[in-house]
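Q: following is a predicted model, sequence given first.
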Amino acid sequence: MVKVATFNVNSLRARLDIVFDWLQVNRPDILAVQETKVQDADFPGADFDDIGYRYVFRGQKSYNGVAVFSRSAISHVRFGLLDEPRDEPRLVAAQTCGVHIVNTYIPQGDSPISPKYAYKLAWFARLREFFEACFRPDQPVLWVGDLNVAPEAIDVYDPVQLIGHVCFNPEVSAALVDVRAWGFVDLFRMHCKLAGHYTFWDYRMRDALRHNRGWRLDHIMGTQPLAERCRACYVDKGPRAAERPSDHAPLIAEFDL
C-alpha cells in the first residue's frame, strides 16, 4: 500500500512539532505540504533527515511555499507553471513511489472584485495547460494541495450564506471542473458522498472546529489508473485540534500500488 497525504501547514516552522509528530505516527509514503512560509535557506530539512524522509521545496518568507516529502527517491522535479517565475512557490511537481505528484497552493483570490481573483481564475486555466503539456491522463498522476475551492454545496457548512465567496461560487467551481476534465477523479468524493466532511476551519470563527463549521478546500485528485487503485480517502482532524494548529487538517489517500 502507498499512503499519500496533503496538508496546508500554515507555516512549517511554526507547526514543525505537529507535522513531525504526525509523520512519525502515520508514516505516509508521500506528504505534500503547502504554505510553508519559509525561504529556502531556512527550510528545516535536517529535522526530516532524521526520520528517513527525502524532500524538495520552494518557498519565500511569510507567504506561499510548497514541499514534497517522500520515503523514496524523488526525481523529475520542477517548480511553477510554464511561463512565470512567481508561480514557483505555489507548485512543485515530482516523481516518487511510482507516481507523478503535482502539489499546488492555488491563490485564494481575496475578493470577487480584486485583481487577485482574476489571477486565481487564470491560474486554473494555466494549470490545465500545464497538465496538457507535461502529462497524459493514462499516466499515474496525482494533483493535490490546497486548491482554495469548495466545489459543491455539501463542501461548506452554510452554502446559502457563503455563496459568492472567492472559494465557493460558480466561477471557481467551473474553473476546477475544467482542470479536472483533463482526466482527474476527485478521490475523496469517490469514497464519500456525505456532507459535513471538511479540511479547513477558519481561525477567526469561534469554536469552528467544535461546531464543524468548515470548508473542503484541500483535495487529492487522481487519474483513472490511480482512481482504480485508491482504496480509501479521508480527513484526519487530529492535527487541527492540537495546540497552536494550522487551520487545515491533513487529507490522506491510500492506494494498492
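A: Looks like it arrived, so ask away.

Q: now the helices for the stretch 1-150 of the chain?
A: 16-26, 45-49, 115-134 (DSSP state H, counting those that start in this stretch).

Q: gap between the spatially most central residue of the chain and Arg210?
A: Centroid-nearest residue in the chain, with Cα atoms, centre = their mean: Gly145, separated by 1.1 Å. Counting by Cβ to Cβ, to the nearest Å, the gap from Gly145 to Arg210 is 26 Å. For glycine as for every other residue, the C-beta is placed from the backbone atoms N, C-alpha and C.

Q: quick one: contacts for Ile30?
A: Val2, Lys3, Val4, Ala5, Val68, Phe69, Ser70, Arg71, Thr96, Cys97, Val99, Ile101 (Cβ atoms under 8 Å, 6 or more residues apart in numbering).

Q: can you pick the most crowded of these?
A: With neighbours taken as other Cβ atoms under 10 Å, the top of those is Val4, carrying 28 neighbours.

Q: for the helix or strand hosting Tyr234, name the packing helices and strands.
A: Under the criterion DSSP states H and E, the helix or strand holding Tyr234 is strand 230-235. Packing partners of strand 230-235 (3 or more Cβ pairs under 8 Å, 6 or more residues apart in numbering; DSSP states H and E): helix 187-191, strand 251-255.

Q: what does stretch 219-231 rub up against?
A: So stretch 219-231 is contacted by 1, 4, 6, 99, 137-145, 147, 149, 180, 183-188, 190-191, 233, 251, 253-257 (Cβ under 8 Å, 6+ apart).

Q: what number of residues lie near the closest residue to Leu81 other than its chain neighbours?
A: In this structure, Leu81 finds its nearest non-sequential neighbour in Asp87, 4.5 Å apart by Cβ to Cβ, 6 or more residues apart in numbering. By the criterion of other Cβ under 10 Å, Asp87 has 20 neighbours.

Q: what's Asp87 in contact with, if anything?
A: Phe79, Gly80, Leu81, Trp123.

Q: Trp29 against Val2, yeah?
A: Careful, residue 29 is Asp; it's not Trp. Yes: using Cβ atoms under 8 Å, Asp29 is in contact with Val2, at 4.8 Å.

Q: between these two, which contacts overlap?
A: With Cβ under 8 Å, 6+ apart, Asp29 and Val2 have common neighbours Cys97.

Q: with adjacent residues omitted, what lies nearest to Ile51?
A: Using Cβ to Cβ, 6+ apart, the closest residue to Ile51 is Gln24 (6.0 Å).

Q: repeat that for Arg58.
A: The nearest residue in space to Arg58 (Cβ to Cβ, 6+ apart) is Phe79, at 4.6 Å.

Q: show me the contacts for the one you found.
A: Arg58, Asp87, Glu88, Pro89, Leu91, Val92, Ala93.

Q: what's the answer for Ile106, then?
A: Arg90, Lys120, Trp123, Phe124, Leu127, Gly145, Asp146, Leu147, Asn148, Val149.
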